[in-house]
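Trainee: Prediction below, plus the sequence it came from.
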Amino acid sequence: MAAKEKTEVRRFRTTDDLWESFSGAVERGPDPEADMSKVLRAFVRWYVGEPGAKLPERPEPQDGGR
């Protein structure tokens with residue numbers, strides 16, 4: 001098994017409503033192995049243009065979308 005890359009805890013500010021919506025979206029998402037950190041890391045890798053990075057797939061909106 002490959003060694004895990006060492007990561008540090010990072011913090012940023014957001015509203016409780018947005019954080020709860022994100023949590024629900026991750027739970028409904030297509031990747032049963034995903035957690036909020038995994039989705040955020042995938043987005044950041046895509047955003048900075050890391051080679052091979054793909055934008056995380058979103059779930060369908062639960063109630064008309066936000």
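Mentor: Great, that's in hand.
Trainee: Test my guess that W46 contacts A53.
Mentor: Yes - under the criterion of C-beta atoms under 8 Å, W46 is in contact with A53, at a separation of 4.4 Å. (Each C-beta comes from the backbone N, C-alpha and C, glycine too.)
Trainee: so who does the spatially closest residue to G29 that is not a sequence neighbour touch?
Mentor: The shortest distance from G29 to any residue other than its chain neighbours is 4.6 Å, reached at P59 (C-beta to C-beta, 6 or more residues apart in numbering). Applying C-beta atoms under 8 Å, 6 or more residues apart in numbering, one finds that P59 lies in contact with 25, 28-30.
Trainee: which SS state does P59 fall under?
Mentor: When the structure is reduced to helix, strand and coil (DSSP: H, G, I helix; E, B strand; the rest coil), P59 reads as coil.
Trainee: What does the pLDDT read for it?
Mentor: On the pLDDT scale, P59 is placed at 93.
Trainee: and it, how far is that from T7?
Mentor: If you measure P59 against T7 using C-beta to C-beta, to the nearest Å, the figure is 25 Å.
Trainee: residue boundaries of the helices in this structure?
Mentor: 16-28, 36-47 (DSSP state H).
Trainee: Flag every buried residue along stretch 39-55.
Mentor: By neighbour count, with 16 or more other C-beta atoms under 10 Å as the criterion, the buried positions of stretch 39-55 are 39, 42, 45.
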